[in-house]
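1. Need a 3D model of the sequence below.
(4 chains, ligands or ions: 4)
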Amino acid sequence: MDNHTAHSDSAPLDVAHAEETHHPGWSVYWKVALILGLITVAEVWGYYVPSFVASRAFVPSLLAMSAVKFAIVVSFYMHLRYDHKLFRALFTGPLFIAASTLIALLFLFGQLVARFGPAR
Amino acid sequence: MATTAVPAHAAHINEHAFDEQSGIWGWLTTVDHKRIGVLYLFTALAFFIIGGLEAEIIRLQLQGPNGHIVSAELYNQLFTMHGTTMIFLAVMPLSAAFFNFLIPLQIGARDVAFPRLNAFSYWVYVFGGIFITLPILFNVAPNGGWFGYAPLTTKLFAPGLNIDFWVIGLQILGVSSLAAAFNFITTIINLRAPGMSLMRMPMFTWMSFIVQFMLILAFPVITIALVFLLLDRFFGTQFYETAAGADPLLWQHLFWIFGHPEVYILILPAFGLVSEVLPTFSRKPLFGYPVMVYSGMLIGVLGFGVWAHHMFAVGLGPIGDSVFSLVTMLIAIPTGVKIFNWIATMVQGQLRFTTSMMFGIGLIALFTIGGISGVMHSSPPADLQQTDTYFIVAHIHYVLFGGSIMGIFAGIYLYFPKITGRLMDEKLGKIHFWINFVGMNLTFFPMHFSGMLGMPRRIYTYDSGQGWDTFNLMSSIGAYILAVATLIFAYNFLKSRKRGEIAGSNPWGAGTLEWTIPSPPPEYNFAVLPTVTSRYPLWEGDERDAESARINSQEGKTAEDLHIVMPYNTIKPAIVAGGLVIMFSGLIFAKALIFLGAALMVTSLYSWLLSPLEPEHH
Amino acid sequence: MSAPTAGHYTATGLDSRKIAIWAFIGSECMLFVSLISTYLIYKGRSVVGPYPHEVWVSPSGEHFKPILNIPVTSASTFVLLMSSLFMVLALAAVQNKDLPKRTRGDRILGSSKLWLWATAAAGTTFLGFQAFEFTSFVHEGLTIRTNLFGSSFFTLTGFHGAHVTAGVIWLLTLLAIDYRRGLGPKDALNVDIAALYWHFVDVVWIAIFTLVYLIK
Amino acid sequence: MKGNSRLRQILTPGLIIMLALAFTAGAQTYPNSTFQPHSELGRSIDFLWNRLFLLATIVFVLVEGALIYVIFRYRHTGKETEKPPQTHGHAVLEVIWTLIPALILLFIAVPTVRIIFQTQAKVAAGALEIDVIGHQWWWEFRYPEYNITTANEIYIPVGRTVNFKLNSNDVNHSFWTPELGGKRDLIPNHTNYIWFTPDSTMKSSVWNGFCTEYCGTSHGKMRFRVFTVQPAEFASWVAGQQRPATFGATAPAVPAPASAPTVAPPPSNGAQLASLPVGYTFPHNQPEFAYAKPNTPIPADLNFTKGLTGSAARGMQVYSSAACIGCHAINGNPSSVGVVGPNLTHFGSRSTIAAGNFPNTPAYLALWIKNARKMKPGVIMPTLGLNEYDPQLKKPVEKAMGGLDDQQIADIVAYLSSLK
Ligand code: HEA
Ligand code: HEA
Ligand code: CUA
Ligand SMILES: [Cu+2]
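-> Ligands and ions are numbered 1, 2, ... in the order given. Take a look at the predicted model:
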């Protein structure tokens, strides 16, 4: 559209200008891949250590490791760390609702009772 | 402060609005958000009448004890289709009509972000709507209730085609809603005119914005619930097979995780419309704008944490009951804030009781009643006496009819002149309002009594001597009165479209952007993208607002005159939609159709994606 | 995707398609959460075997090992994880197409075709693993109809697999364009969107791998 | 708007009168009212309801009152010369009308949570357990303590806590007796409980019960009856139900309950018990319980030969060689062990048939056996009358399909009616 520039002096007020996104390069990407790989190795290794599997730390630590992997991919490969804050909001909001729903459902179906509340 | 930015000029109808591609072909291929909005409006009103007719038969059957107008089988189809039609085919698309028509106008855009996707959403809706509605003519309509609880909907207990139509139909309609929601989110974020900051957006656009997020988060859940049911019914999986150990509560949870946000999806657009109506006819800006925005957001977020209040009778356990009860009660607070802020908007105003205003005030009065009965359900022990009785039916109609439908009527009377260039007949409008108001209360208020006096819902007949006869008779008479009201409305609507008084660009003296442009708006909406400096550019904007309003209120120029690039018309989205529906219906009719539909869909989709949206820039 | 707003004024200065894909990803979170919840809710509720982690006895008295094959799935997980690396390199290559390439390393890193192929190949490998897993399950007596575990497992991983398949098709379409006319910085956004989708599908697998395969 | 408020002026008192009517009218007019609780569960719900209703009324009056006032006060007169003040908001006011609803909700939330935990606590020991099993579209009731299985009608002693253990055999149903307490769903693979104590001061009465979860075609016809009777009457009923249906034999002289009830009857009632007939049945025909008598009309095209007399002895023969035994059980009739339909052991002692839809009289029973599917849509029990049109199979019943002629049906009626 050509003629909207009539008022080019009035910039949108609430949003930043399209910023140049400075994505990291190979030097960061391969390190990220390495970390991801190492965590995966740790996860699988943990699966094969019976004493660890039996311990109370097993489930929480597996969850933590996968959460870290999740966060790394999202923030580096999906550039959420570098991109416009709008994208962060578009992703984390729904993710929050989704995660809460998952937890609530597991609680309601008694899959989390042991940890969070007394059995009925 | 400029009192009004609209230059006084003789009101006449903007002849250049819809003529760029007229005839049926023009409507089939249009990608213009306004025309798609009009299509939505007409289609959804038609479905509203169909849903209403179903309700009338229900009321005829229940008019007295042991009624036998329809059989039990047909009755069960009628209430299922009444609920499904009203929710998915009438109220949601009526809201969508306003999303389409209004949002780009309110934010100062020339179209939505993805015009062809928009056309696609509409066609999927129409085809899906026909798909799910037609079976009632053959006595094979869905009959599982609008929330289709498993295991009643599994093959074992519902071997017929009825539920197949429902599962597939809803799946199709979900595609339409999702596609539209992505479109509007993007549109609102990205196509606001210069200066149209988020906190200057008209309240209707804000509420719609929130609704779009609720849509994209709620619909995937019912999609999955339906996929499970579909796999169970067609491919022998066991998600809802109790013999295999399945828990019927899975369906209920998944459905209501969708279902509760859905009810706010139904009400927030109406809230938004009323938030346009009240300031316009009070000549005052909306009271507490920021709080209205935040309360809407809060309703949206909390709406995802209350679903199990539909399941207080299933035995969630005391902790689950308590938590969901408390969160449900919390929702009353932001909703109350809205009610009070609307009333405060009118305080000290100069209230003009146009039909639109009367429907707007009607919403406040009636929705409050429905909201209050909602709070009464939110206390689980008390709800155990109420759930699945007519007390619930009373609640849902006070919020849905007294809320959504009243708000939508307010919106139709307000925006009819913008859509058609002509005013609706105010006298008939007021008659419509009063008959509607009386009929509505006569129909649904007695249901509070029949419910608390023990009448379960979804019963196709009841025995005499149960103490329900009088209340049911009242409800039925009320329903017939509502039919009269609806007929008056339909007459007014059709008559005024052709012969109504000519409106001019701003017949109500309203303050927002959409009133700066001619009625009906030209295909490009704004000759120049406006510059916005306030929430009500026509009331309180500075001279830059006035300038853009002046330029845009000029009529008679075509897009070509102004060198504005508009998207091509195209039939492809409609074909993709057709392919999608053919593909799904193949599950019922013939496997070959699945492949045929898929092939049609994929090829036309590629052809759509590879063809340019609009002429190259020059 | 065509570019409906390319060259148009936008309020945020961002491209509409990128906003739309992020909204889509947000929506997909709910989709997969519904699937994962169902799987977890039905865990341990099947009335007949096979079971994921427990030894089980068939009606005819045979003893069977737990059905999930962790070594194979670990390998496929690793492949999918690496595909994300390839994808991000493909995007960088497209974005930096016009930069001078001096060393051999520059040329390798700057080859969008290479990395797109690598990503698509990794995706296909993952799908191959999945096909292998599914067929071996069927041989061991687990189909989508066998029990609740079968139904929820195949539906969850099948949905994920369908997403990967769609992603591979998308990548191949991009490759076709790359061969026809070369992808350059002006196409970066198209590749970026595909990349976001691809990474998201990977991220979902990260969650599935832990919740379905590793936690007993 | 003048008219607007005038309407309200008429409506508001009208509504109040209607409410008052609804709350005060006796069981005669509103037999299923939730406002006349007869158990402690019902009363705690009623307590909550009263609180909710009071607060709701206050909110309603305030909001609608404010609305009407504003509509009147600020209507456009045409005489205004200036634009109204362009107020944009008022922080203090907005905080106030956020806090007041919050406060009101607190008054609801606290007793709500208290009553949730109170009513869903584990039932006290000594409660009478009744297993309720939902079927499309009838109720199976079992008293594990007494080893009784019956259908569609339950007897419970006043003053003793009953714990209903709810399960379903097919789809979801919901168990509700409005006057005794709230509902609870019957869900397959999911055991639910609801317990309450019928008021010990209550005279023997009957209550209507309903299925309130949509469960298919005849959901609207899935009803039941609850008889709250004095402990002695209950004991006598139990004794009667525990006897096998020894057709033709005389009843044993002394009632001998298999296991003595733990709570009821209290010792002081011993004398009374002896004076009661064994196999007590509630005198439901009294006019004050008219609401419990079904009024469902019979389809016009369903007739039965007039003047036939049935023989119970012959009836037992016919019954025992007809399809009936595949679905119905009668303790004492070794061939009749089906589980698809209601247990008929003491069928003669029930006051209604077909899940509370018809009075249990020979005329209705005969028609039911002849063509159940015409009398209640969708039922699983087949049409059995010879040459009768079966609305589900869409064809008449032939001899080969087990069709029974009217005389045979009359005999079965005689037999079943004798099973007191
Ligand atoms: C437009 C749709 C809509 C809306 C907006 C609402 C709003 C609310 N609903 Fe409603 N509801 C439905 C549509 C809707 N509902 C439908 C369709 C069903 C039935 C589904 C089915 O079974 O078929 C249902 C069922 C339903 C149930 C389940 C009942 C049952 O089946 O047992 C419950 C339970 O808590 C409930 C609660 C509420 C509450 C607390 C609100 C609140 O959001 C209301 C808040 C508003 C107010 C309270 C009024 C204004 C506030 C003030 C003036 C402030 C002061 C007020 C107080 C302090 C009380 N609703
Ligand atoms: C927005 C939603 C909406 C709307 C507007 C309505 C409107 C009406 N509803 Fe609706 N209703 C629901 C949503 C809605 N309903 C839902 C979700 C359920 C639950 C379903 C379930 O249990 O699964 C329900 C259930 C429900 C029941 C309970 C059924 C049962 O449980 O057995 C009843 C009973 O009276 C009823 C009645 C009515 C009536 C009389 C109207 C009236 O307002 C209708 C007014 C009439 C019309 C608007 C059209 C009449 C027009 C004509 C006659 C003109 C004819 C013109 C031509 C031929 C050109 N509804
Ligand atoms: Cu059983 Cu409704
Ligand atoms: Cu709800």
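
2. ok, the residue in the stretch 301-420 of chain D positioned nearest to chain A - contacts?
-> Across the stretch 301-420 of chain D, no residue is closer to chain A than D:Val339, which sits at 30.2 Å (C-beta to the nearest C-beta). The C-beta positions use only the backbone N, C-alpha and C, and glycine is treated the same way. Applying C-beta atoms under 8 Å, 6 or more residues apart in numbering or on different chains, one finds that D:Val339 lies in contact with D:327, D:329.

3. Count the neighbours of D:Glu288 for me.
-> 12 (other C-beta atoms under 10 Å in any protein chain shown).

4. longest helix of chain A?
-> helix A:85-108 (DSSP state H).

5. Would you tell me whether that helix gets close to chain C?
-> Yes - shown here: helix A:85-108 in contact with chain C (C-beta under 8 Å from any C-beta of the partner chain) through A:86-87, A:90-91, A:93-95, A:97-99, A:101-102, A:105-106.

6. quick one, helices of chain D?
-> D:2-24, D:40-73, D:91-119, D:231-242, D:270-275, D:312-321, D:362-375, D:406-417.

7. So for chain A, which of those helices sits nearest?
-> helix D:91-119 (11.7 Å).

8. buried ones in that closest one?
-> Buried residues in helix D:91-119, counted by 16 or more other C-beta atoms under 10 Å in any protein chain shown: D:94, D:97-98, D:101, D:104-105, D:108-109, D:111-113, D:115-116, D:119.

9. ok, B:Gly504 touching B:Ser519?
-> Yes - counting by C-beta atoms under 8 Å, B:Ser519 is a contact partner of B:Gly504 at 6.6 Å.

10. Who has more neighbours out of those two?
-> B:Ser519 (27 against 21).

11. Apart from its chain neighbours, what residue comes closest to the more buried one?
-> With C-beta to C-beta, 6 or more residues apart in numbering or on different chains as the criterion, B:Ser519 has its nearest non-adjacent residue at 4.5 Å, and that residue is B:Gly421.

12. what about the one you found, neighbour count?
-> Around B:Gly421 there are 25 residues (other C-beta under 10 Å).

13. ok, residue 95 - how many residues close by?
-> Went with chain A since none was named. Counted with other C-beta under 10 Å, A:Leu95 comes out at 17.

14. other chain: chain C
-> Neighbours around C:Gln95, by other C-beta under 10 Å: 21.

15. likewise C:Asp192?
-> 22.

16. Could you double-check that A:Val53 lies in contact with A:Gly46?
-> Yes - look at A:Val53 against A:Gly46 with C-beta under 8 Å: they come within range, at 7.5 Å.

17. where are the low-confidence patches of the chain?
-> Just going to use chain A. Within chain A, the stretches with pLDDT under 70 are A:1-22, A:112-120.

18. My question was about chain C, not that one.
-> Residues of chain C that meet the cut-off, pLDDT under 70, sit at C:1-8, C:59.

19. So the chain: which segments form each domain?
-> This is for chain A. A:2-81, A:84-120 (automatic domain parsing).

20. The chain in question should be chain D.
-> D:29-74+D:91-121, D:128-252+D:265-278, D:312-417.

21. counting contacts, what elements does the longest helix along chain C pack onto?
-> Identified as the longest helix of chain C according to DSSP H is helix C:148-181. Secondary-structure packing of helix C:148-181 (3 or more C-beta pairs under 8 Å, 6 or more residues apart in numbering or on different chains; DSSP states H and E): helix B:203-235, helix C:16-42, helix C:112-139, helix C:188-208.

22. anything in the shortest one near chain A?
-> Yes - for helix C:188-208 and chain A, the contact criterion (C-beta under 8 Å from any C-beta) is met by C:195-196, C:199-200, C:202-203, C:206-207.

23. Which ones among the residues you listed also lie next to chain B?
-> Of the residues of helix C:188-208 next to chain A, not one also sits near chain B (C-beta under 8 Å from any C-beta).

24. Please tabulate these in TSV and include neighbour count as additional columns.
-> Listed next are those as TSV, based on neighbours: other C-beta atoms under 10 Å in any protein chain shown:
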residue	neighbour count
C:Ala195	28
C:Leu196	25
C:His199	24
C:Phe200	26
C:Asp202	30
C:Val203	23
C:Ile206	27
C:Ala207	19
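
25. ok, those residues vs C:Ser58, which is closest?
-> C:Ala207 (31.4 Å; C-beta to C-beta).

26. Make sure the closest one is actually in contact with A:Val73.
-> No - look at C:Ala207 against A:Val73 with C-beta under 8 Å: they stay out of range, at 10.8 Å.

27. What number of residues are in the vicinity of D:Pro85?
-> 9.

28. Pull the contacting residues for it.
-> Contacts of D:Pro85 (C-beta under 8 Å, 6+ apart): B:284, B:348.

29. Run a quick neighbour tally on D:Asn147.
-> With other C-beta under 10 Å as criterion, D:Asn147 counts 14.

30. Show me the residue sitting in the middle of chain D in space.
-> Chain D has D:Gly209 as the residue nearest its centroid, 0.9 Å off, counting by C-alpha atoms, centre = their mean.

31. Contacts only, for that one.
-> D:Gly209 touches D:175-177, D:223-226, D:356, counting by C-beta under 8 Å, 6+ apart.

32. Mind doing that once more with 7 Å?
-> Under the criterion of C-beta atoms under 7 Å, 6 or more residues apart in numbering or on different chains, the neighbours of D:Gly209 are D:176-177, D:223-226.

33. Any quick ChimeraX command for the buried ones out of those?
-> Those of the contacts of D:Gly209 that count as buried under 16+ other C-beta under 10 Å are selected in ChimeraX with:
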select /D:176,177,223,224,225,226
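
34. Dump the contacts of D:Gly209 into CSV; add distance to C:Ala90 as well.
-> Putting the contacts of D:Gly209 into CSV (distance: C-beta to C-beta, whole Å) gives the following:
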residue, distance to C:Ala90
D:Trp176, 62
D:Thr177, 68
D:Arg223, 68
D:Phe224, 68
D:Arg225, 73
D:Val226, 71
